[in-house]
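Chemist: Task: produce atomic coordinates for the following.
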Amino acid sequence: MTITQRRMLWGGTAIIGIGIIGLSVWLGFEKASMLGSVVGAIFGLIAAAIGFHQLFSARGINAQSGPTRQSQQSGASSVNIQAGSDLTIGNDNRFGSP
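Modeler: Numbers count the residues shown, from 1 in each chain. Sure, this is the predicted structure:
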């Protein structure tokens with residue numbers, strides 16, 4: 001994330017937060033609380049529906065495609081020891097021609 005993106009994210013978050021506080025003061029805290037509860041419930045139901053959709057659509061895809069296969073292609077100078085702590089890929093991690 002670049003510094004510009006980070007600033008835009010924080011600026012947008014601050015503007016939304018100030019807007020929510022201003023809306024709460026304008027509506028009154030009781031009405032704002034009720035409105036927030038309704039909006040939160042709607043977003044919660046939407047999130048649950050998306051989660052169930054992803055759960056069932058992923059199950060259908062995996063059932064049709066069969067078991068997952070793992071493939072690793074490496075060159076002559078590649079070493080991959082997954083059980084230990086060493087992982088060397090390429091020409092001993094040197095740049096340039098071998």
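Chemist: Please enumerate the helices of this protein.
Modeler: For the chain, helices defined by DSSP state H occupy the ranges 3-27, 29-65.
Chemist: Between the ones you listed, which has the poorest mean confidence score?
Modeler: The minimum mean pLDDT among those belongs to helix 29-65 (a mean of 83).
Chemist: Any buried residues in it, and which?
Modeler: Neighbour-count burial for helix 29-65, with 16 or more other C-beta atoms under 10 Å as criterion, is recorded at Ala32. The C-beta positions use only the backbone N, C-alpha and C, and glycine is treated the same way.
Chemist: So which other helices or strands are in contact with that helix?
Modeler: In terms of contacts (3 or more C-beta pairs under 8 Å, 6 or more residues apart in numbering; DSSP states H and E), helix 29-65 is packed against helix 3-27.
Chemist: got the angle for the helix it packs on vs helix 29-65?
Modeler: With axes from the mean of the first three to the mean of the last three C-alpha atoms, to 10 degrees defining the directions, helix 3-27 sits at 130 degrees from helix 29-65.
Chemist: What are the buried residues along helix 3-27?
Modeler: Using 16+ other C-beta under 10 Å as the burial criterion, the residues of helix 3-27 that qualify are Ser24.
Chemist: what's that helix packed up against?
Modeler: In terms of contacts (3+ C-beta pairs under 8 Å, 6+ apart), helix 3-27 is packed against helix 29-65.
Chemist: And the pLDDT at Gly90?
Modeler: Confidence at Gly90, expressed as pLDDT, is 58.
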